[in-house]
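Participant: what follows is a predicted protein model with its sequence.
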Number of protein chains: 2
Amino acid sequence: VTGAALHAELAQLVGAEHVLAADAGSPYNSDASNRRELRGRADAVVLPGSAREVEAVVRWCYAHDVAMVPRGGGTGLTGGAVPTDGGVVLSLERLRAVRELEAGLWRMLPEAGVSTRDVQRLARENGLFFGPDPGASEQSQIGGNVATNAGGPHALKYGVTGAWVTGLEAVLAPGELVQIGGWASKDVAGYDVKDLLIGSEGTLGVITAVRLRLLPAREAQIAQVAFFATRAQGCAAMLAVTAAGIEAAAIDFADGAALAHVAGGYPGEVPAGAGFALLIEVDGTHEQARAHADEVEDLLGRDALAIDRAPDASVLWRWREGFNGVLSGVRGAKVSEDVSFPVERLQEGLERFEQLAAAQGLSSCTFGHGGDGNVHATVLVDPVDEAELQRARELGAELFALVGELGGSIAAEHGVGWLKRGLLESQWDERTLALHEQIKRAFDPKGLMNPGKKLARVPGAAS
Amino acid sequence: VTGAALHAELAQLVGAEHVLAADAGSPYNSDASNRRELRGRADAVVLPGSAREVEAVVRWCYAHDVAMVPRGGGTGLTGGAVPTDGGVVLSLERLRAVRELEAGLWRMLPEAGVSTRDVQRLARENGLFFGPDPGASEQSQIGGNVATNAGGPHALKYGVTGAWVTGLEAVLAPGELVQIGGWASKDVAGYDVKDLLIGSEGTLGVITAVRLRLLPAREAQIAQVAFFATRAQGCAAMLAVTAAGIEAAAIDFADGAALAHVAGGYPGEVPAGAGFALLIEVDGTHEQARAHADEVEDLLGRDALAIDRAPDASVLWRWREGFNGVLSGVRGAKVSEDVSFPVERLQEGLERFEQLAAAQGLSSCTFGHGGDGNVHATVLVDPVDEAELQRARELGAELFALVGELGGSIAAEHGVGWLKRGLLESQWDERTLALHEQIKRAFDPKGLMNPGKKLARVPGAAS
């Protein structure tokens, strides 16, 4: 079923005004990565208005062998929400109800299309706190965050998105709306199907609503930026904070090359000779946050070139959130790979990535969530220089091999999507790779749920 | 392969001294539940000395169609580690190495047979903290705790065992030692196979070692016991603590019937007319813990008959840990079901269980981890009164139906094991039940890994 017939059938299910054509320029054909290889072409875009309508769409598509690409805010960077091989883009954007918000019980039940920013704001307005803070929170949606198990800086102390989810509502193939888990945080009655769906990137089912467990609001946060002359000093400082028993809420970093570009936007003065920077946030009660901040300052003061304490943490975080835009602008585009290293090997990982990039003649920099060993390994590129883009792809392959060697992960918080299909092969054993594929077949025997995404292995590809 | 031939083959793999016969009285034939229906008869007990030996045993058994029952400390209560249908009991007790303990990085890699108490102690001796505190920690083993996703009082603030696990080493069918996850807390490269194994009770694989992420030691804990005249007041008090934004480390409870039996061992004075008690622990810095304890006292003081603050929290926890023994002794035995209710329906759940027990002419009481809605719903029985035991079983069925009605879980922290096989059917949708079974088949196509345990449905049973 394609073309007008497909549109007509979908219109029956959700109303004609909620079935869109996906012209070449449609935003539903790409994501936030701006990678040219990540442009797709949807056969149709369908915007169901309720979980029951999602169920109807999935059931119809499954019965008619039509592939589906579930989509949240489209802020992904690996093509997970892109119709790389056609099919129906199933956008959750109209599922915007907050079905339940029980402030006294620290919980919220938003539908998939509620923006992450709204989840955070609603929590805050009710004296509560939702920890995950992936980038682009205004546009990104909670369903997509759960489907990708999104992270962010505060995952260091507060865990990734999945750690906040006690239950899910989802539509599973061949089209059944199910409830998985409830509000109880203790539940060992069945295998952990909830955590299988979390981070499955729409390949196992379509998440329509999530049960979130919140925490009481934090009384105070203090953010500090510490500048160091060398990467070695900066990485040692991160380990020193942990070794001192300070449970920082976030420890982000930028290396010297990144710093050179983002220094201009720094709300203060970057000291001469700065070759590495840490953004460290501590929290708790006012007294506790202050005590931790003082401790951090004492601990890092000897080696740091300078340490700035912001009266308002959000000023420093706004600077940090601007990194992506600034770095993309330097040469017109950037290619950034999201990986993790064990924290004690972070320095080695950063150094070797820099060397690999230099050997390819590429301009690299690194930044990310250092306390978690989570690196956005970046090269600044000219988006129309095909030879350079090809070298960037080769560098990516070298980086993933390095990650395997050092015991990290080829996908820390941005998902596998389409870009990283097959890379799991370098990270997992043969038997677990096979299980990954068997799980997919159990959930989606026809292979219609976001086909081609989060593949453990790529048939026919060299391993 | 059975009898002497089986022993001889296993002896080849692990040494003759590490293959035991399981005589009728062998402890390997039962668990800590003392339920008569939970007596099995192992064909052999094998004690491998390393993960590689576990792999060899699993490979041999799988090739020869011999069922395996993985076993930790044997402290379970639902028969998960009992050879209910024969087979080889595969005890992990000799895997006692702590392969890595990096205090400065807050992590530990114990093998499966390390006792939970030793994990807690090693963490403490290194200025760190391991949160999960299931009962019987001296005898129970970390591998078994992970395999059952064990809980305990402090799961309220610190999560169940699985929340502390960043990676696993396990032997999967048909006999392959694999590494799943590493030290990185952010890793979305593959489906969450780690969390599938956590809580799978040995039905998907045999856990041989676990990567635990620890936290800095808590500076102070203060435990208080608050007595109330009525259950309604006690349950309201629990909700009031949460609604006040106090993140208690633990909120345990005992109802009036339980209290009547355990009052004698209370290290203080139980006020006259006490019909419900809460044990509330708060923690943090000394100042913070004191502030929270004061807040709890202010909040509950109006309704409480008395509130005791222990100078040493462990005194109150020792009293709490004695509940099982005391209650078992009243009439010779108890039948206790581990379930959870949504916290706001806890009072209703407790009341209706009491009514159901009374209708069966049974002597009931309830206690457990109230902040999590986790109830150990108990009847005190004469262990040789078959009619009474039968009524207790009927009450169990009524309780599970009640749990389903109120939206709780039929298994909160003690696992499904053999006792609760088939009960998932009342809690999950048809499609997710089928997925539970398909996951089992993907991991264990021959059905030799702890057969008969954690079954979603029981073939032929009335639903």
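Facilitator: Good, I have the coordinates.
Participant: spell out which residues of the stretch 251-400 of chain A are next to chain B.
Facilitator: Proximity of the stretch 251-400 of chain A to chain B, by C-beta under 8 Å from any C-beta of the partner chain, involves residues A:284-285, A:287-288, A:340-344, A:369, A:372-374. Backbone N, C-alpha and C define where each C-beta goes, glycine included.
Participant: isn't A:Leu47 up against A:Ser91?
Facilitator: Yes - between A:Leu47 and A:Ser91 a contact is recorded at 5.1 Å, counting by C-beta atoms under 8 Å.
Participant: what about stretch A:182-200, start to end distance?
Facilitator: Terminal residues of stretch A:182-200 lie 20 Å apart, using C-alpha to C-alpha, to the nearest Å.
Participant: distance between that stretch and the chain's centre?
Facilitator: 20 Å (C-alpha atoms, centre = their mean, to the nearest Å).
Participant: please see if that stretch touches chain B.
Facilitator: Yes - residues of stretch A:182-200 are located near chain B by C-beta under 8 Å from any C-beta, namely A:182-193, A:195-196, A:198-200.
Participant: pLDDT on that stretch, on average?
Facilitator: For stretch A:182-200, mean pLDDT rounds to 95.
Participant: just to revisit the earlier point, looking at the residues of the stretch 251-400 of chain A next to chain B, which are in strands?
Facilitator: Per DSSP state E, strands hold the following members of those: A:284, A:340, A:369, A:374.
Participant: the third one contacts A:Ala155, doesn't it?
Facilitator: Pointing back at A:His369 there. Yes - when contacts are counted by C-beta under 8 Å, A:His369 is listed as touching A:Ala155 (6.9 Å).
Participant: mutual contacts of these two, please.
Facilitator: When contacts are counted by C-beta atoms under 8 Å, 6 or more residues apart in numbering or on different chains, A:His369 and A:Ala155 are jointly contacted by A:413, B:186.
Participant: which pair in the residues of the stretch 251-400 of chain A next to chain B spans the largest distance?
Facilitator: Spanning the widest gap among those are A:Glu287 and A:Phe341, at 34.6 Å by C-beta to C-beta.
Participant: for those two, indicate the residue with more neighbours.
Facilitator: Remark: of A:Glu287 and A:Phe341, A:Phe341 carries more neighbours, 29 against 14, as counted by other C-beta atoms under 10 Å in any protein chain shown.
Participant: residues contacting that one?
Facilitator: Residues near A:Phe341 by C-beta under 8 Å, 6+ apart: A:348-349, A:373, A:375, A:403, A:406-408, B:184.
Participant: so what's the nearest residue to A:Leu156 once chain neighbours are set aside up against?
Facilitator: Closest residue in space to A:Leu156, ignoring its immediate chain neighbours: A:Gly371 at 4.3 Å, by C-beta to C-beta, 6 or more residues apart in numbering or on different chains. A:Gly371 sits next to A:156, A:238, A:241-242, A:248, A:250-252, A:343 when contact means C-beta under 8 Å, 6+ apart.
Participant: out of these, which sit inside helices?
Facilitator: A:156, A:238, A:241-242 (DSSP state H).
Participant: in ChimeraX, select just the buried ones from these.
Facilitator: Here is the ChimeraX command that selects only those of the ones in helices among the contacts of A:Gly371 that count as buried (16 or more other C-beta atoms under 10 Å in any protein chain shown):
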select /A:156,238,241,242
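Participant: what's the closest of the ones in helices among the contacts of A:Gly371 to chain B?
Facilitator: Closest approach between the ones in helices among the contacts of A:Gly371 and chain B, by C-beta to the nearest C-beta: A:Thr242, at 6.4 Å.
Participant: distance of that closest one from A:Ala220?
Facilitator: 21 Å (C-beta to C-beta, to the nearest Å).
Participant: what about A:His154, distance to chain B?
Facilitator: Remark: distance between A:His154 and chain B (C-beta to the nearest C-beta, to the nearest Å) = 12 Å.
Participant: if we can go back for a sec, turn the contacts of A:Gly371 into JSON lines, including pLDDT.
Facilitator: Formatted as JSON lines, the contacts of A:Gly371 follow (pLDDT from 0 to 100):
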{"residue": "A:Leu156", "pLDDT": "97"}
{"residue": "A:Met238", "pLDDT": "97"}
{"residue": "A:Val241", "pLDDT": "97"}
{"residue": "A:Thr242", "pLDDT": "97"}
{"residue": "A:Ala248", "pLDDT": "98"}
{"residue": "A:Ala250", "pLDDT": "98"}
{"residue": "A:Ile251", "pLDDT": "98"}
{"residue": "A:Asp252", "pLDDT": "98"}
{"residue": "A:Val343", "pLDDT": "96"}
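Participant: ok, A:Gly162 - contacts?
Facilitator: Counting by C-beta under 8 Å, 6+ apart, A:Gly162 has contacts A:146, A:149, A:195, A:198-199, B:192.
Participant: give me the three-state assignment for it.
Facilitator: helix (DSSP: H, G, I helix; E, B strand; the rest coil).
Participant: for A:Gly396, same thing?
Facilitator: A:Gly396, by the three-state scheme (three-state DSSP), is helix.
Participant: give the burial count for it, as a bare number.
Facilitator: 21.
Participant: check which residues of stretch A:383-398 are buried.
Facilitator: A:383, A:388-389, A:391-392, A:395-396, A:398.
Participant: just the CA atoms of that stretch, as CSV, please.
Facilitator: Taking Å, rounded to 0.1, in the frame of the first residue of the first chain, the C-alpha atoms of stretch A:383-398 are listed here in CSV:
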residue,chain,number,x,y,z
PRO,A,383,30.1,20.3,4.9
VAL,A,384,30.7,20.3,1.2
ASP,A,385,34.2,18.8,1.3
GLU,A,386,33.4,15.2,0.5
ALA,A,387,37.0,14.0,1.0
GLU,A,388,37.1,15.5,4.5
LEU,A,389,33.7,14.0,5.4
GLN,A,390,35.1,10.6,4.2
ARG,A,391,38.1,11.0,6.5
ALA,A,392,35.8,11.9,9.3
ARG,A,393,33.9,8.6,8.7
GLU,A,394,37.2,6.7,8.8
LEU,A,395,38.1,8.5,12.0
GLY,A,396,34.8,7.4,13.5
ALA,A,397,35.6,3.8,12.7
GLU,A,398,39.0,4.2,14.4
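Participant: tell me which element A:Gln355 falls in.
Facilitator: A:Gln355 belongs to helix A:346-359 when assigned by DSSP states H and E.
Participant: packing partners of that helix?
Facilitator: Packed against helix A:346-359 by the contact rule (3 or more C-beta pairs under 8 Å, 6 or more residues apart in numbering or on different chains; DSSP states H and E) you find helix A:231-243, strand A:363-369, strand A:374-381, helix A:386-406.
Participant: and it, how far out from the chain middle?
Facilitator: Distance, centroid of helix A:346-359 to centroid of chain: 23 Å (C-alpha atoms, centre = their mean).
Participant: what's the angle from that helix to helix A:386-406?
Facilitator: 150 degrees (axes from the mean of the first three to the mean of the last three C-alpha atoms, to 10 degrees).
Participant: what does helix A:346-359 rub up against?
Facilitator: Residues contacting helix A:346-359 (C-beta under 8 Å, 6+ apart): A:231-232, A:235-236, A:238, A:255, A:257, A:339, A:341, A:363-364, A:366, A:370, A:373, A:375, A:377, A:379, A:395, A:398-399, A:402-403, A:406, A:408.
Participant: rerun that using 6 Å as the cut-off
Facilitator: Residues from elsewhere that reach helix A:346-359, judged by C-beta atoms under 6 Å, 6 or more residues apart in numbering or on different chains: A:235, A:341, A:364, A:366, A:373, A:377, A:379, A:395, A:398-399, A:402, A:406.
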